[in-house]
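S.K.: fold the following and give me the result.
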Amino acid sequence: MKKSLKVCLILFAFVLSANAQNEDKTCRLITVQSIQLDEIGEVPEPELKDRIGRILEKQKEIPNAQIYIINNGLADEIKKREKQIVELFKFDYRVTYVRCENCEAFSTELWLVPAGADPPPFSDRHQTDKGTVLRNPYKFEEIGQVSDRFLKWIMGEFVGKIRDDESLTGYILIEGSEGDISAAESKILNQEAVQKINSGKIVFIRNYNGNSLKMELWIVPRGAELPPPLVVK
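M.R.: Reported below is the predicted structural model:
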């Protein structure tokens, strides 16, 4: 009996220790993979509306996710399908249309891309209205007041995404009081990971709105249009 009790106490202590070590990291769930939720061929318009509607509901479960709509087929088929979708739904900047003309059979692929995940796999023949664009700006993470330990970890992850890719720039939007913004920016600049990269790789956007501190970490490819939160008015 005493031996069993001793084993239980050791296991309990181990669990407490593990939880303490992971305290900062377990307070959030990171989904890091793009998810293909559907692929639609030639279908009646009511079915098209129903199936895309399900994707929009899925996006509500992951608010920071983007939707990629990849249309494959002949130019006329793609143009018609895009027009159908635009008329049925009003999308915001988080939706990217991608075309692959003369690419396999006619179909529409619907992808959900959570913040921090890589976009769907593309070939050189995939294009958007702005030319060949394989990535859109996306929000990597959103945080408020966090511990120094967590800030060090998340900035290491953020910098790791942009460090070795010359086409990517990190944008950090900081909202709050003047004092909170100044303190948060100073802490970020003092992070070891940040100090090891070119200063031009990270751009700070400040919004002195007097609210509680909020920081949004964005990754923006070269030539991409900045999403509304990062546009300085």
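S.K.: just give the closest residue to the residue nearest to the spatial centre of the chain, not the sequence neighbours.
M.R.: Central residue of the chain (C-alpha atoms, centre = their mean): Ala115, 1.9 Å from the mean position. Of all residues not flanking Ala115 in the chain, Asn64 sits nearest, at 3.9 Å (C-beta to C-beta, 6 or more residues apart in numbering). In this view, the C-beta of every residue, glycine as well, is placed from N, C-alpha and C.
S.K.: how many neighbouring residues does the one you found have?
M.R.: Asn64 has 17 neighbouring residues, counting by other C-beta atoms under 10 Å.
S.K.: residues in contact with it?
M.R.: Residues counted as contacts of Asn64 (C-beta atoms under 8 Å, 6 or more residues apart in numbering) are 114-115, 138-139, 142.
S.K.: can we see that at 7 Å?
M.R.: Residues near Asn64 by C-beta atoms under 7 Å, 6 or more residues apart in numbering: 114-115, 139, 142.
S.K.: how far away is the residue nearest to the centre of the chain from Pro137?
M.R.: The gap separating Ala115 from Pro137 is 11 Å, by C-beta to C-beta, to the nearest Å.
S.K.: so is the residue nearest to Ala115 in a helix, a strand, or just coil?
M.R.: coil (DSSP: H, G, I helix; E, B strand; the rest coil).
S.K.: and Arg149, by the same measure?
M.R.: Classification of Arg149 by three-state DSSP places it in helix.
S.K.: next one, pLDDT for it please.
M.R.: Here the pLDDT value assigned to Arg149 is 95.
S.K.: please report how far it lies from Lys79.
M.R.: In terms of C-beta to C-beta, Arg149 sits 52 Å off from Lys79.
S.K.: domain-wise, how is this protein divided?
M.R.: Using automatic domain parsing, the domain parsing of the chain gives 35-113, 138-226.
S.K.: let's have those in TSV, adding distance to Pro120.
M.R.: Listed next are the domains of the chain as TSV, based on distance: least, C-beta to C-beta, whole Å:
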stretch	distance to Pro120
domain 35-113	5
domain 138-226	12
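S.K.: which of those has the lowest average pLDDT?
M.R.: Looking at the domains of the chain, the weakest mean confidence is domain 35-113, a mean of 82.
S.K.: endpoints of that domain, how far apart?
M.R.: 6 Å (C-alpha to C-alpha, to the nearest Å).
S.K.: how far off centre is that domain?
M.R.: Centre-to-centre, domain 35-113 and its host chain are 18 Å apart (C-alpha atoms, centre = their mean, to the nearest Å).
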